[in-house]
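Visitor: everything below, folded, please.
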Amino acid sequence: MSDQSPTVRDLTPQEVARGLDEGRMILVDVREPNETALERFPGAVLVPLSAFDPSSIPPPEGREVVFACRSGRRSVTASLSAQQQGFAYGSHLAGGILAWKAAGLPTEM
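Guide: Okay, the predicted model is just below:
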């Protein structure tokens, strides 16, 4: 019997951008609608943490699911919650959209 605790892997903005470009990742933004209305990650799936249901994330079909938020706190919460519900979604964008923008990566309005 495996008693492994869920863990969350930190990914850099560059790693996530490359994974998205290469079609190896799905980015799931768990920020709230009032936040994503102002600025979004290009192509991200929006699943607000306030109504978080990992089964609403499109089937990854072999791609890695990566959670993101504003600063990297809620994305860890979402990943742990998904894992507790049986989903193998153990990665997040460390630093969130703040780190993404600091790395010079694009956002959408």
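Visitor: what lies in contact with the longest helix along the chain?
Guide: Within the chain, and with DSSP state H defining each element, the longest helix by residue count is helix 74-84. The contact list for helix 74-84, computed with Cβ atoms under 8 Å, 6 or more residues apart in numbering, reads 6, 8, 28, 30-31, 47, 49, 52, 54, 57, 65, 67-69, 89-93, 96. Heads up, the C-betas are built off the backbone N, CA and C, glycines and all.
Visitor: could you find the closest non-adjacent residue to Arg31?
Guide: Leaving aside its sequence neighbours, Arg31 sits nearest to Cys69 (Cβ to Cβ, 6 or more residues apart in numbering; 5.2 Å).
Visitor: do the same with Leu93
Guide: Ala68 (4.1 Å).
Visitor: distance-wise, check the one you found relative to Ser5.
Guide: 22 Å (Cβ to Cβ, to the nearest Å).
Visitor: again, but for Ser79
Guide: From Ser79 to Ser5 the distance is 12 Å (Cβ to Cβ).
Visitor: repeat for Ala99
Guide: From Ala99 to Ser5 the distance is 25 Å (Cβ to Cβ).
Visitor: what is the neighbour count of Ala44?
Guide: 22 (other Cβ atoms under 10 Å).
Visitor: mind listing what's buried in the longest helix of the chain?
Guide: Under the neighbour-count criterion of 16 or more other Cβ atoms under 10 Å, helix 74-84 has 74-83 buried.
Visitor: residue contacts, Phe41?
Guide: 27, 29, 68, 97, 100, 107-108.
Visitor: which of these are buried?
Guide: 27, 29, 68, 97, 100.
Visitor: return the set of buried residues in stretch 39-47.
Guide: Residues 40-41, 44, 47 are the ones in stretch 39-47 that count as buried (16+ other Cβ under 10 Å).
Visitor: endpoints of stretch 96-109, how far apart?
Guide: 16 Å (Cα to Cα, to the nearest Å).
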